[in-house]
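Engineer: here are the coordinates; sequence isn't available:
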C-alpha cells in the first residue's frame, strides 16, 4: 500500500509555470514507478508523464513534451511535475499515480492514486 497526496495546483495565466508535488507514504517509494495523469471536464483521463523507479526512464505525452518535466526524489518520497509555458488546454485535475509492477513507460496501468489537484490556466 502507498498513500499519495498531490499539491501545487492553482490558477495561472497562459505562459506561466507551476510545479506539482506528490508525496508518498507507506511502502518504499523507490519500488514504485510513478506517473502523472490529468482529466479535464468532459474528457477522458490522459497520461501526461511517467518516470521509472530510479528516474532513468521518462515518458511524456506529445501534448506536453518540451514543456513539462517529471522528476523524483526517492530520499524525499516525492515525485514532481514542472509545468512551463502553460496553455489553457492544460486546465485539468492532475493526479499522481504509483505502480509496483514492472511495466513499460507508456503503460497507463497504475494501482494507487492520489486525490488530485486542480490546475487552471487562464487565457
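Structural biologist: Looks like it came in fine. All values derive from a computational prediction rather than experimental measurement. Residues are numbered from 1 along each chain as shown.
Engineer: now do the contacts for the spatially most central residue of the chain.
Structural biologist: For the chain, residue 36 is the residue whose C-alpha lies nearest the centre (Cα atoms, centre = their mean; 2.3 Å). Residue 36 sits next to 20, 22, 48-50, 70, 79, 81, 94-97 when contact means Cβ atoms under 8 Å, 6 or more residues apart in numbering. Any C-beta I mention is one placed from the backbone N, CA and C, and that applies to glycine too.
Engineer: closest to residue 41 out of those residues?
Structural biologist: Distance to residue 41 across the contacts of residue 36 (Cβ to Cβ) is lowest for residue 94, with 13.4 Å.
Engineer: excluding chain neighbours, what is closest to that closest one?
Structural biologist: residue 38 (4.8 Å; Cβ to Cβ, 6 or more residues apart in numbering).
Engineer: could you do residue 25 as well?
Structural biologist: Per Cβ to Cβ, 6+ apart, closest to residue 25 is residue 3, 4.9 Å.
Engineer: ok, the one you found - contacts?
Structural biologist: Taking Cβ under 8 Å, 6+ apart as the test, what residue 3 contacts is 24-26, 112.
Engineer: highest neighbour count among those?
Structural biologist: With neighbours taken as other Cβ atoms under 10 Å, the top of the contacts of residue 3 is residue 24, carrying 24 neighbours.
Engineer: after the helix or strand containing that residue, next one along is what?
Structural biologist: Assigned by DSSP states H and E, residue 24 belongs to strand 18-26. Note on strand 18-26: by DSSP H and E, the next helix or strand toward the C-terminus is strand 33-39.
Engineer: who does the strand holding residue 24 touch, helix- and strand-wise?
Structural biologist: strand 2-7, strand 33-39, strand 78-83, strand 92-99, strand 117-122 (3 or more Cβ pairs under 8 Å, 6 or more residues apart in numbering; DSSP states H and E).
Engineer: adjacent strands (with direction) for the first one?
Structural biologist: By that I understand strand 2-7. strand 18-26 (antiparallel) (DSSP bridges).
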